[in-house]
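Undergrad: what's the 3D shape of this:
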Amino acid sequence: MATNTAWTAKQNKLFENALAVYDQETPDRWQKLARAVGGKSVEEVKRHYEMLVEDVKHIESGQVPLPNYRTS
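TA: Predicted coordinates for the structure are as follows:
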C-alpha cells in the first residue's frame, strides 16, 4: 500500500536502518527497502533515496551551512 504523504520520523529511521542492511548489490533492494519502511511504494522509496543523495551532496560541497550551536 503506497501513500503520497510525508515521511514520518519512524519511517525515516526504518529507511536509514534498511539502507544499512540492503546495500547496492542486494537483489531486489528497492522492494526490500519499501517492505522495511512500510506504507511506501518502491517508487516513493527510490525518490526518497534520490533526495537523500542530493542532500548529502549539498552538505559535502559546503552549500548547507553548519548550525550555530550555542555553548553555555
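Undergrad: where does the chain have its least confident helix or strand?
TA: Counting by mean pLDDT, DSSP states H and E, the weakest-scoring helix or strand in the chain turns out to be helix 42-60, with a mean of 93.
Undergrad: just the buried positions in that one, please.
TA: Across helix 42-60, burial judged by 16 or more other C-beta atoms under 10 Å covers Val42, Glu44, Val45, His48. Yep, even glycine has a C-beta here, placed from its N, CA and C like the rest.
Undergrad: which one of the residues you listed is nearest Trp7?
TA: The closest of the buried residues of helix 42-60 to Trp7 turns out to be His48 (C-beta to C-beta; 6.5 Å).
Undergrad: what's the angle from the helix or strand hosting Leu19 to helix 42-60?
TA: Leu19 is part of helix 9-21 when elements are defined by DSSP states H and E. Here helix 9-21 points in a direction 80 degrees away from that of helix 42-60 (axes from the mean of the first three to the mean of the last three C-alpha atoms, to 10 degrees).
Undergrad: in the helix or strand immediately after helix 9-21 in the chain, what's buried?
TA: Helices and strands here follow DSSP H and E; after helix 9-21, the next one along the chain is helix 29-37. Judged by neighbour count (16+ other C-beta under 10 Å), helix 29-37 contains these buried residues: Arg29, Lys32, Leu33, Ala34, Ala36, Val37.
Undergrad: mind listing what the closest residue to the fifth one other than its chain neighbours touches?
TA: The shortest distance from Ala36 to any residue that is not its chain neighbour, by C-beta to C-beta, 6 or more residues apart in numbering, is 3.7 Å, and that residue is Ala18. Ala18 makes contacts with Lys32, Leu33, Ala36, Val37, as judged by C-beta atoms under 8 Å, 6 or more residues apart in numbering.
Undergrad: any chance of CSV for those, columns pLDDT and distance to Ser61?
TA: Below are the contacts of Ala18 laid out as CSV (pLDDT from 0 to 100; distance: C-beta to C-beta, whole Å):
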residue, pLDDT, distance to Ser61
Lys32, 97, 30
Leu33, 97, 26
Ala36, 97, 29
Val37, 96, 28
